[in-house]
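Trainee: Return a 3D structure for these sequence lines:
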Amino acid sequence: MSTTESRLETQKIGALQIGVVLLCTFAQLFDGFDISAISMAVPALIREWHQPGAAFANTFVFSSVGIMIGALGSGPLGDRIGRKPVMIGSLLILGITSLACTQATNIQELVIGRTFTGIGIGAVMPVTVALSSDYLPARLRAVAIMIVFTGSPAGGFFGKQIVAELLPVYGWTSIFWIGGLLPLALIPVMAIWLPESPRFLLAKGRLTDQSRRLIGRLGLDLDTPTDQVDVVKGNPVAGLFKDGLAGTTVLVWILYFSNLMSLYLISYWMPTVLSLSGLLPAEAVRASSYGELGPLISIFLVVPMAFRFGPAPILACMLGTGILSIAAIGLIALPHTVLLVVIFLIGACTVGSMTGINGMTAALYPARVRNTGMGWALGIGRLGGIGGPWLGGFLLGLGWPPRQIFLVTCVTAGIAMVTMIALGIRGRRQARMLLREA
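Mentor: So this is what the prediction gives:
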């Protein structure tokens, strides 16, 4: 490892590093609201547009299609033009297209709007990981990325609490007004205070006075040769399968596909299922918000336990607990208070595990392919995110009782749990090999 890489991997935490993490967390916060926006709107739209719940499946499916496109394109584009321009461009797309959804008059127009909104959502996720990772020491990276990704469920939780109050008064369009204005308001903040990746700046070699001051604050040599910076050379996607990363990449893709299939089926359909089960739209949105609260609480347990036992066994246990919670909501007619507790547990375990998985994945990949590795993991995962919402709508169309459509996620969550165990075993083997080589 070069001196430059060593300094980046062992940098101290200061105002610069904390500022980057906070800005990335805010981006995730607004991203999380916009992911949830369509699920919050559908219960009201079912009544206003006089359509069955299954008719809105494509609004969920094409939201995930857009997210997949954005996630797959974000990594390579960030490697080419920089992480900061991708962040600002993603927020711009997110804001404008969310505002466009307020003008939708039918499902087809809403599907088009949500597809483009999804592109903005999907592009934000990998770039927040790449930028945060470049400003974090290796010893704190996995845990800090978990914290950054709590922004997404936080945006969902607080957003649903606000929407539950606004929906009866201002209607469904208020959801997309909020989802559009917040990202647009964040753009000037990002333009002024968000720094570019130091690795990207050194690799490109065209440093402005501002860039030179940034590199100096990190204690790096302004004349660092390109070959001393861990940046991608050649095809970044091919790099995911080199240097012993192929097995890890395959397992990560299976993990993301299966867990995001569970997550998106549950999160997109939860408000609608609760509404079809008898709750008013605003009540359904408020009840589903407890699923977003779960990961905000569970992260305080996951982080210290991950430090002690490693992330893989803790995340595997969370996924197992999530399976039991999903089975309970699908098979048992629960009293309202118990239902809220179970929704909280599903969020804590299913969404909460995804927060941990994102942090763990960021730590699995070296810096040169981290942006692309996260982008492609999230992109491949969105294939599951497409399949999950479609499957929920299909089962509703077949006449399944609304809550029972969640039972299929017990299978996908089981696959995720087994894959997580396999990643943990692989990680321990690699650690032993590195010790022997040392």
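
Trainee: drop to CA atoms for contacts and neighbour counts, all remaining ones
Mentor: OK.

Trainee: so where's the protein uncertain?
Mentor: Scanning the chain with the threshold set as pLDDT under 70 gives 1-2, 205-206, 221-234, 430-438.

Trainee: other SSEs contacting the longest helix seen in it?
Mentor: When the chain is scanned for its longest helix (criterion: DSSP state H), the result is helix 15-48. On a contact count with 3 or more CA pairs under 8 Å, 6 or more residues apart in numbering; DSSP states H and E, helix 15-48 meets helix 57-81, helix 107-134, helix 138-149, helix 151-170, helix 173-193, helix 246-276, helix 281-309.

Trainee: any chance of the ones you listed in a markdown table, plus distance to residue 370 and mean neighbour count?
Mentor: Below are those laid out as a markdown table (distance: least, CA to CA, whole Å; neighbours: other CA atoms under 10 Å):
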| stretch | distance to residue 370 | mean neighbour count |
| --- | --- | --- |
| helix 57-81 | 8 | 25 |
| helix 107-134 | 6 | 26 |
| helix 138-149 | 12 | 22 |
| helix 151-170 | 20 | 21 |
| helix 173-193 | 22 | 18 |
| helix 246-276 | 11 | 24 |
| helix 281-309 | 21 | 21 |
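
Trainee: I'd like to know which of those helices is closest to residue 418.
Mentor: For residue 418, the closest of the helices and strands packed on helix 15-48 is helix 246-276, at 8.8 Å, according to CA to CA.

Trainee: how big is the angle separating the closest one from helix 281-309?
Mentor: Counting by axes from the mean of the first three to the mean of the last three CA atoms, to 10 degrees, helix 246-276 points 150 degrees away from the direction of helix 281-309.

Trainee: Report all helices and strands that helix 246-276 contacts.
Mentor: Packing partners of helix 246-276 (3+ CA pairs under 8 Å, 6+ apart): helix 15-48, helix 281-309, helix 352-364, helix 367-397, helix 409-437.

Trainee: quick revisit: I'd like the helices and strands packed on helix 15-48 as a markdown table, with distance to residue 368 appended.
Mentor: Formatted as a markdown table, those follow (distance: least, CA to CA, whole Å):
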| stretch | distance to residue 368 |
| --- | --- |
| helix 57-81 | 9 |
| helix 107-134 | 10 |
| helix 138-149 | 14 |
| helix 151-170 | 25 |
| helix 173-193 | 24 |
| helix 246-276 | 14 |
| helix 281-309 | 25 |
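
Trainee: and of the ones you listed, who's closest to residue 408?
Mentor: helix 246-276 (8.1 Å).

Trainee: that older thread, could you say which one of the helices and strands packed on helix 15-48 comes nearest to residue 88?
Mentor: Comparing the helices and strands packed on helix 15-48 by CA to CA, helix 173-193 comes nearest, at 5.9 Å.

Trainee: So what touches that closest one?
Mentor: 23, 27, 30-31, 33-34, 37, 40-41, 88, 91-92, 94-99, 101-102, 163, 166-167 (CA atoms under 8 Å, 6 or more residues apart in numbering).

Trainee: Just give me how far it sits from the chain centre.
Mentor: 18 Å (CA atoms, centre = their mean, to the nearest Å).

Trainee: With stretch 368-385 instead?
Mentor: For stretch 368-385 - counting by CA atoms, centre = their mean - the centre lies 10 Å from the chain centre.

Trainee: Just the buried positions in the longest helix of the chain, please.
Mentor: For helix 15-48, burial by neighbour count (16 or more other CA atoms under 10 Å) applies to 16-17, 19-46.

Trainee: Can you name the residues that contact the most centrally placed residue in the chain?
Mentor: With the centre of the chain defined as its mean C-alpha position, the nearest residue by CA atoms, centre = their mean is residue 125, 5.7 Å away. Going by CA under 8 Å, 6+ apart, residue 125 touches 28, 71, 375.

Trainee: isn't the first one right next to residue 123, touching?
Mentor: Which is residue 28. No: between residue 28 and residue 123 there is no contact under CA atoms under 8 Å: 11.0 Å.

Trainee: what would the contacts of residue 125 look like in CSV with distance to residue 61?
Mentor: Below are those laid out as CSV (distance: CA to CA, whole Å):
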residue, distance to residue 61
28, 21
71, 15
375, 19
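
Trainee: which one of the residues you listed sits closest to residue 135?
Mentor: Closest approach to residue 135 among the contacts of residue 125 (CA to CA): residue 28, at 16.9 Å.
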